[in-house]
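Student: make a model of this:
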Amino acid sequence: MPPSPPDISVVVITYNEAARIGACLESVIATLAGRRYDAVVVDSASQDRTVEIAARFPVKVVRLRDGGPRRPSIGRFVGERLRRGNLVLFVDGDSVLEPGWIGPALDALAASPDLAAVSGRSTGVLEQPDGTTLEVDQYPGVAYEDPPHLSGSALYRRAALERAGGFNPHMLGHEEPELGARLRAAGFRLQRLRIPMTRHYPKASRESLAELIRRARRGYVAGLGQYARLALARGEPPGTALAPVARHLQFATLLAIGASAALASIVLRTLWPLLTWVGLMALGFGAFALRARSLRKPAYYFAEWAVMCWPVIRGLSWRPVPPAEFAAFRVAFDVVSEGPPPDADRR
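Tutor: A predicted model of the protein is given here:
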């Protein structure tokens, strides 16, 4: 007779998290002490000691093969299929769980059968150049009651994941909003508790050059285009579906106008078309700077829109893959550590 499934399965996704994975897994063990659970770390072919460190803990560790597809959506997809718990707790490898969150989260799910998943507050811990740290609300302004989606670390009801199709492994990014839309379409709700859930240690602060380069290299923003395309396929009004990518599309249009102005200047042998375009762009930048009372903010977003608008358009061009086809997705991985037996009693 096969062992009964654990109450909670934990899926930790990682990529080059040697500095944090130990603390992350220690927090998982402390948070779930006394409960029946199993855990897996799904690593996206890290180039540091992440896998070596994770293998020291009583968890299963698998490593996506280098050269194959590797991204957070695939890590969640693989982990979801390797675990058997009635609830699935996804945790980002650069985060540490707050132990006091799990009890209220379980109570919320038990009290509301239509609640698909629950998360909580997240504190971003940013390392400053002088060696100090700055703590910020990781998700300011988000909805707590009935949010459209949750963030990377969240506790899901497996039955809800299965009904909606689970995480989409084809998404290059923004897999949580895409899943959130399908869960809500399936009749479920989501909730953020006003209780600290995680402390998140990002590799770079938001609106920084380092973060822009990191996101560009990993191709996350193409997932935003995919998300908008899927929203259109679901029948959402174009204005709603394209709202997340509106700035990128507008900036792409401005760049196309600039290229046309440059061509016109060459053909007409006058700089006026190009200078007119440059002047209009300068006015837009100046208005943004006045509103933001900063030069850094508009400089960052002008750079982001210029760099990211093309991947967004590329994501918009891809054919949406329906959930029925997710199971056909193939990804190769190696099992580094099996962890404890599946029927180990952790109580």
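Student: which stretches of the stretch 151-300 of the chain form helices?
Tutor: 158-164, 175-185, 209-218, 222-233, 238-241, 246-268, 272-292, 296-317 (DSSP state H, counting those that start in this stretch).
Student: where's Gly258 relative to Trp310, distance?
Tutor: Separation of Gly258 from Trp310 (Cβ to Cβ, to the nearest Å) stands at 14 Å. Just so you know, the C-beta spots here come from the backbone N, C-alpha and C atoms, and that holds for glycine as well.
Student: equivalent analysis for Tyr37, please.
Tutor: Taken as Cβ to Cβ, the span from Tyr37 to Trp310 is 43 Å.
Student: okay, and the helix or strand of this protein with the least pLDDT?
Tutor: Across the helices and strands of the chain, mean confidence by mean pLDDT, DSSP states H and E is lowest for helix 209-218: a mean of 69.
Student: quick check: Pro149 touching Ala181?
Tutor: One correction, residue 149 is His, not Pro. Yes - if you go by Cβ atoms under 8 Å, His149 and Ala181 touch, sitting 7.2 Å apart.
Student: related to what we said a few turns ago, kindly reformat the helices of the stretch 151-300 of the chain as a markdown table containing mean neighbour count.
Tutor: Putting the helices of the stretch 151-300 of the chain into a markdown table (neighbours: other Cβ atoms under 10 Å) gives the following:
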| stretch | mean neighbour count |
| --- | --- |
| helix 158-164 | 18 |
| helix 175-185 | 21 |
| helix 209-218 | 14 |
| helix 222-233 | 22 |
| helix 238-241 | 12 |
| helix 246-268 | 15 |
| helix 272-292 | 13 |
| helix 296-317 | 17 |
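Student: lowest mean pLDDT across the ones you listed, which one is that?
Tutor: Least confidently modelled of the helices of the stretch 151-300 of the chain is helix 209-218, at a mean of 69 by mean pLDDT.
Student: and the gap between the residue nearest to Ala264 when sequence neighbours are not counted and Ala252?
Tutor: In this structure, Ala264 finds its nearest non-sequential neighbour in Pro273, 4.1 Å apart by Cβ to Cβ, 6 or more residues apart in numbering. Noted for Pro273: a distance of 19 Å to Ala252, by Cβ to Cβ.
Student: what's the answer for Val336, then?
Tutor: 42 Å.
Student: can you report how many residues neighbour Tyr37?
Tutor: 23 (other Cβ atoms under 10 Å).
Student: what residues are bridge-paired with the residue lying closest to it once chain neighbours are set aside?
Tutor: Here the nearest residue to Tyr37 in space, its sequence neighbours aside, is Ile8; by Cβ to Cβ, 6+ apart that works out to 4.3 Å. Here Ile8 sits in beta bridges with Tyr37, Leu87, going by DSSP bridges.
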